[in-house]
Structures are given as structure tokens and as C-alpha cells.
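# Sequence and predicted structure are below.
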Amino acid sequence: DSGVTQTPKHLITATGQRVTLRCSPRSGDLSVYWYQQSLDQGLQFLIQYYNGEERAKGNILERFSAQQFPDLHSELNLSSLELGDSALYFCASSEDRSNEKLFFGSGTQLSVL
Amino acid sequence: TQLLEQSPQFLSIQEGENLTVYCNSSSVFSSLQWYRQEPGEGPVLLVTVVTGGEVKKLKRLTFQFGDARKDSSLHITAAQPGDTGLYLCAGGRNTDKLIFGTGTRLQVFP
């Protein structure tokens, strides 16, 4: 158990819909990262937050947004969903702003039908 | 653009065999990490190497960072079924985002 909690574990929805994925980092970790994993693209970095503020941005679509709340949990919002958004979405956390040691949650499997 | 290429992409071997997985890039990284991911779970950090030429051992696993800090290798001695999984390298540049490699899927048969 990494200490990072992601909910829900599975999500099935239709095209055009909006969903919210939730992540609770390890106790004491200030950074939260979101990654998307698909068979053809591998593990792609989406966005990083550190202590409530956006720290780094990767290949995140404009239809996607995220935030980190004062209690340090984070949410990833995916809207106007398309079939191609079907993937595993992982949250990871680390103690500080560096990428030295990431702890990953078990992921949310999103299926867009 | 995938900056970190891993080879081989797939590897199926018998228990007891040795294997090496490679992680190559044309870019220099300040650190290189290796993760293992099992089905239904997130990646788990195995090791971080930060110095060019550095070698780290973790039981039967040996990790090496290239002298120029552009490549890395993972060698497993006497592989066991429990080593089965997806192995991912990841390169970092100080506080810049971590870039993950294309992955090597290893299957070890009893």
C-alpha cells in the first residue's frame, strides 16, 4: 500500500459526459501528480500541484482541469469525454517539489462508451 | 515525443534466466528512476540513480546509470515468477516533470 488513495477505482461513462477523479496523497506529501496511462501512449504526465498551486503542466487537454485543495487532496476533472479518453488515470504524490520519489495510487480505470 | 525508449518491449523467459532491460535517450537527465508496475496497481519505485556511472544493487536487480546520464540499464539475475511485471524507467531534470519510458513487459515462467 503506497498510502495514496484514488477513487473511484472504475468509472464507466458515455461520450460527452464529465467526470471527477479524486486523489488523497500520502500523509505529509505536498506534491500531487496526475498521469494518464494508455496502451499506445504509455504513462503520460498531465499536471503537478505543489501545496495548492500548479507547479508543472504536461500534455493535458483543455477539456481537462485539476486542482489541489487546502487539505492537499486533488481532483482531476475530465469534460466533454471522448472515446480516446479511455485510459488508466494515476495520481502520485511526493514530499516536495522534486521528482525524486513518487508514490502512486492504484489508479482509476476510465471507460468512455 | 517519447524521450525515453526502452528495449526490449516484451520479454518472456524461464525462471532462473538472466535478463537486461535498456533505457535510452538522446537527452541528459539529472536522475533516472526505475519502477515496476503489476496489473491493477500503480508503478512502485525500485531505485533512483543520480550520478553518471552509478551502479546500485537491490537483491538480484542491478541498475546502472550511463556515464553521460543519457541511458540506464536494469539487469535481473536468476529471474523468478515474482519479477513479472511492467518495468518503467523515468528521467528527471531537477524540478522539471518526470518523463516515463515506453516500458518493458516481463513475463517469467516457472
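Thanks, I have it.
# For chain A, which residues are neighbours of chain B?
With Cβ under 8 Å from any Cβ of the partner chain as the criterion, chain A meets chain B at residues A:2, A:4, A:33, A:35, A:42-45, A:48, A:56, A:58, A:90, A:92, A:97-107. (Glycine included, C-beta is placed from N, CA and C.)
# Buried subset of those as a PyMOL selection?
In PyMOL syntax, the buried subset of the residues of chain A next to chain B is picked out as below (16 or more other Cβ atoms under 10 Å in any protein chain shown):
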select buried, chain A and resi 2+4+33+35+42+43+44+45+48+56+58+90+92+98+99+100+102+103+104+105+106+107
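# Which of the residues of chain A next to chain B fall within strands?
Secondary-structure check on those using DSSP state E: residues within strands are A:Y33, A:Y35, A:G42, A:L43, A:Q44, A:F45, A:Q48, A:A56, A:F90, A:A92, A:F103, A:F104.
# just these now: which is nearest chain B?
A:F104 (2.9 Å; Cβ to the nearest Cβ).
# Give me the secondary structure label for the residue lying closest to that closest one once chain neighbours are set aside.
The shortest distance from A:F104 to any non-neighbouring residue, by Cβ to Cβ, 6 or more residues apart in numbering or on different chains, is to B:G42 (2.9 Å). For B:G42, the assignment made with DSSP: H, G, I helix; E, B strand; the rest coil gives coil.
# what about A:Q37, distance to A:Q6?
Using Cβ to Cβ, to the nearest Å, A:Q37 is found at 13 Å from A:Q6.
# before we move on, the earlier item: so who does the residue nearest to A:F104 touch?
A:S2, A:V4, A:F90, A:A92, A:F104, A:G105, A:S106, A:G107 (Cβ atoms under 8 Å, 6 or more residues apart in numbering or on different chains).
# any idea how far the last one lies from B:E41?
Relative to B:E41, A:G107 is positioned 8 Å away (criterion: Cβ to Cβ).
# How about the second one?
The spacing between A:V4 and B:E41, counted by Cβ to Cβ, is 11 Å.
# Could you pull out the residues contacting both of these two?
Taking Cβ under 8 Å, 6+ apart as the criterion, A:V4 and B:E41 both touch A:F104.
# Which pair of the ones in strands among the residues of chain A next to chain B spans the longest distance?
Spanning the widest gap among those are A:G42 and A:F103, at 19.5 Å by Cβ to Cβ.
# Near B:R60, how many other residues are there?
When neighbours are counted by other Cβ atoms under 10 Å in any protein chain shown, B:R60 registers 13.
# er, B:F10 actually
By other Cβ under 10 Å, the residues close to B:F10 number 9.
# For it, what are phi and psi?
As for B:F10, its main-chain torsions (degrees, to the nearest 10) stand at phi -130, psi 150.
# Quick check: it touching B:T102?
No: using Cβ atoms under 8 Å, B:F10 is not in contact with B:T102, being 11.2 Å away.
# what about residue 28, neighbour count?
This is for chain A. Here the count is done by other Cβ under 10 Å, and A:G28 has 9 residues near it.
# not what I meant, chain B
B:V28, neighbours per other Cβ under 10 Å, totals 12.
# Remind me which helix or strand it belongs to.
B:V28 is part of no helix or strand, with elements assigned from DSSP states H and E.
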